[in-house]
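**Q** following is a predicted model, sequence given first.
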Amino acid sequence: MAAPMRSKFRGPRGKRGGFGRQEQVEPGVSKALISQARKSGMLNLSGRSLTSVPDSVWRVNIDAPEEARDAEWSTQDGNSRWWDQVELTKLILASNQLRELSPSVTQLHALSVLDLHDNHLVSLPDNIGELGTLTKLNVSHNQLVSLPNSIQSLTQLTSLQAAHNQITLLSDGVGSLFSVEEMDFSYNVISSLPTSMSALTKLLYLNMSNNALTFIPDQIGMITNLRRLDLTHNKLTEIPEEVAYLRKLEQLYLRHNKLTALPRLYQCKSLKELHAGNNCITMLSAEDCKCLTTVNVLDLRDNKITTIPEEISVITQLQRLDITNNNITMLPFVLGTLIELKSLVVDGNPMRGIRRDIIQRGTEGIKKYLCSRIDDSTTTDNTSPLSEGPVITPSGSYAVGPKYVSFKTLDYSVKSATDIPEEVWQEGVDNDVTFVNIEKNRLSEIPVNIGLLAKQVKQINASFNKITTAPASLCMFTVLTHIDMRNNGLTDLPKEWEFMKSLQEINVNCNRLLDIPAVLYTIQTLENILCSDNQITTVYPDRLINLPKLSTLDLRNNNISQVPMELGNLSTLRSLQLEGNPFRNPRPALLSKGTAFLLDYMKSRIVSE
């Protein structure tokens, strides 16, 4: 709580030790609220259908409170003396019907948070720059056409939220917000960015999506601390090469523009996600791939790409590749060797070299096929030590190659097996496998002997079995990054799994879960949680926020009757899927607009505290 301030009340004393001017509390704001605000330094007037802000709000630290009329009141309770009030630092006026903001707001000279989102404001007062202590300003979901020039004086501002307005132009004054870390101007009609933004060296997150931008100034490369840049849904035909200077950039969104080529991001060594779908890109070149070696997510859907180069193999950390709706006829065989690749979407391409039934097998089926083609080509040359069948040794004798292992993968799938022979696991040990595939059997449990591979396996696919209990012993798999246990009979996961310090993705779709397993909230390396087609009833955003890398949350087809708006605070989420649940809000029309829009909507409905 802020330190007590000296009384600033003015006026002659009355007969009872009070003051000449007493506070006048207007309708819509109770005396109790004003009194509480003087004690806490926060006033929340959100959702009260206010068309104007009562004058008593602006004078909350100026006028004498009603308690001052009674001199005896001050001696009754030493902890509640009226003169020990604190200055108002947080004012929340969200979700009202305000059409203007009074210039009197500057009387709240200690204000640090001003939340005006979801009103009908067409302008802000010219003197708003006098709020020198303001750190957070939210004017999203209004009807603003511009911001006053005085906003450049808000040098302590760290967060500026102005999404969903009608702003057409950003003045050079924006470049004077030297402390700003987060800036959101999405869903406006801005056509250009001021070059002065190059001075925003503390800016981490810039959202300019859904505007009318036709070009990006070269000076963008000088915002050297930028982590996330969202330029989705604009009219960009190219991205300046200076974007490559953003060495700390982690996420770049370029979807729904008019780009014909990818930007060469040579120096973006922190880049994890590149979203460039829905453009006019004609080629993914070898040079492009060499610039994207750190990328985990590459979205190139709905473009005009004809080939994927062999150099795609240099993107060794690639986990998700979406090339839906392009003109690709073949995939390079080396794509099947990308160990981290867990989602490969190729629908809507005129594939000639891969049968449709193989594509329908999904990512692992396609990867397995591509690897087999490598096997075929290397077997022809007698150069593959992992090919099945006899191999001639230097002495002229025959040696039998691995029966169940190929390219670091132990495959004992689709055998209707109720158990797996020990020799299979031993073969995995001898060949240093990193991927175990035991899907589509009749296993009632994961065999104990899988523990022989605990120090080497990174991925396990045990889907489509009859497993009802996941073994606690899997906690010994300290390098395990992905586990797939779809279509089993799981009701929970063991708490011992909290020791899986490398786990990035878990797929427990189509089980019998009543809640998201509690242990998952403790695994901070998790990026993807897939829990669709279960019986989950409740979502806990206050627990999910403890997962700093969470990117995908799939909760489709469960029994969720209420969606907490606090999910909008999960800033790392890139895919939130909630379809097929019995809740009424958000409506299906909102869900169909995608994750980014949905999160913005939810965040705008959260009342600040």
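**A** Structure's in. What do you need?

**Q** residues in contact with residue 464?
**A** 439-441, 486-488 (CB atoms under 8 Å, 6 or more residues apart in numbering). From N, CA and C alone the C-beta is placed, and that goes for glycine too.

**Q** what helix or strand does it sit in?
**A** If you go by DSSP states H and E, residue 464 is not part of any helix or strand.

**Q** circling back: can you put the contacts of residue 464 in TSV and add pLDDT, secondary structure and distance to residue 244?
**A** Formatted as TSV, those follow (pLDDT from 0 to 100; DSSP: H, G, I helix; E, B strand; the rest coil; distance: CB to CB, whole Å):
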residue	pLDDT	secondary structure	distance to residue 244
439	91	coil	42
440	91	coil	45
441	93	coil	49
486	93	coil	40
487	93	coil	44
488	95	coil	46
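
**Q** I'd guess residue 147 is in a strand, am I close?
**A** No - per DSSP: H, G, I helix; E, B strand; the rest coil, residue 147 lies outside any strand segment and is coil.

**Q** pLDDT score assigned to it?
**A** Looking at residue 147, its pLDDT reads 95.

**Q** mind checking the SS state of the closest residue to it other than its chain neighbours?
**A** With CB to CB, 6 or more residues apart in numbering as the criterion, residue 147 has its nearest non-adjacent residue at 6.6 Å, and that residue is residue 124. Following three-state DSSP, residue 124 is assigned to coil.

**Q** on that earlier part again, of the contacts of residue 464, keep whichever come out buried.
**A** 439-441, 486-488 (16 or more other CB atoms under 10 Å).

**Q** now for the residues you listed: which two are most distant?
**A** Farthest pair in the buried ones among the contacts of residue 464 (CB to CB) is 441 and 486. Separation: 13.3 Å.

**Q** where's residue 32, which helix or strand?
**A** helix 31-40.

**Q** how far does that helix sit from the chain's center?
**A** The chain centre lies 37 Å from the centre of helix 31-40; the measure is CA atoms, centre = their mean, to the nearest Å.

**Q** which parts of that helix are buried?
**A** For helix 31-40, a neighbour-count test (16+ other CB under 10 Å) marks 33-35, 37-38, 40 as buried.

**Q** now do stretch 413-432
**A** Neighbour count says stretch 413-432 has 413, 417, 420, 424-425, 427-428, 431 buried, by 16+ other CB under 10 Å.

**Q** still on that earlier bit, packing partners for the helix holding residue 32?
**A** strand 42-44 (3 or more CB pairs under 8 Å, 6 or more residues apart in numbering; DSSP states H and E).

**Q** what pairs with the strand it packs on, parallel or antiparallel?
**A** Sheet pairing here is set by DSSP bridges, and for strand 42-44 it gives strand 90-92 (parallel).

**Q** thought residue 354 was touching residue 367?
**A** No - the pair residue 354 and residue 367 fails to qualify as a contact (CB atoms under 8 Å) at a distance of 11.4 Å.

**Q** so which of these two has more stuff around it?
**A** Between residue 354 and residue 367, counting by other CB atoms under 10 Å, residue 367 is the more crowded of the two (23 against 18).

**Q** isn't that one right up against residue 339?
**A** No - at 9.4 Å, residue 367 does not count as touching residue 339 under the criterion of CB under 8 Å.

**Q** check the gap between residue 265 and residue 548 for me.
**A** Using CB to CB, to the nearest Å, we find residue 265 at a distance of 24 Å from residue 548.

**Q** more neighbours: these two, which one.
**A** Neighbours were counted for residue 265 and for residue 548 using other CB under 10 Å; residue 265 has more, 23 against 11.

**Q** noted, bye for now.
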